[in-house]
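A.B. asks: no sequence for this one, just the structure:
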């Protein structure tokens with residue numbers, strides 16, 4: 001899809017969740033974990049409002065994380081989420097990707113969150 005959009009003249013930036021986190025790479029396993037954590041911080045601080053979408057809510061509530069010294073903060077695998085929900089987390093992923101692509105920076109309690 002990205003290649004097709006680029007061929008059509010759109011400026012598209014791919015989201016590769018397995019890449020290193022852009023900040024605190026020792027704390028987060030990858031970009032996906034870091035991005036969902038940024039969304040969590042925004043939601044906790046009331047810095048973002050999401051549409052009242054029951055499927056989105058269900059997807060966001062299904063996402064869990066673990067922590068260990070070697071990998072840092074790690075999200076549950078997408079295969080586990082699909083199995084638990086009976087579908088993919090497309091809506092939650094879209095929110096995270098939109099924030100990562102569209103927000104230059106947000107400030108929460110003096111902390112700059114760089115998407």
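C.D. replies: Looks like it came in fine. Here the structure is a predicted model, which is why all the values come from computation and not from measurement.

A.B. asks: which residues sit in contact with residue 5?
C.D. replies: By C-beta atoms under 8 Å, 6 or more residues apart in numbering, the contact set of residue 5 is residue 12. For the C-beta atoms, the positions are set from N, CA and C on the backbone; glycine is no exception.

A.B. asks: hang on, it in a helix?
C.D. replies: Yes: Residue 5: assigned to a helix according to DSSP: H, G, I helix; E, B strand; the rest coil.

A.B. asks: What separation is there between it and residue 97?
C.D. replies: Going from residue 5 to residue 97 by C-beta to C-beta, to the nearest Å gives 14 Å.

A.B. asks: got it, and residue 60?
C.D. replies: For residue 60, the distance to residue 97 equals 14 Å [C-beta to C-beta].

A.B. asks: got the buried residues for stretch 25-33?
C.D. replies: Using 16 or more other C-beta atoms under 10 Å as the test for burial, stretch 25-33 gives 28, 29, 30, 31, 32, 33.
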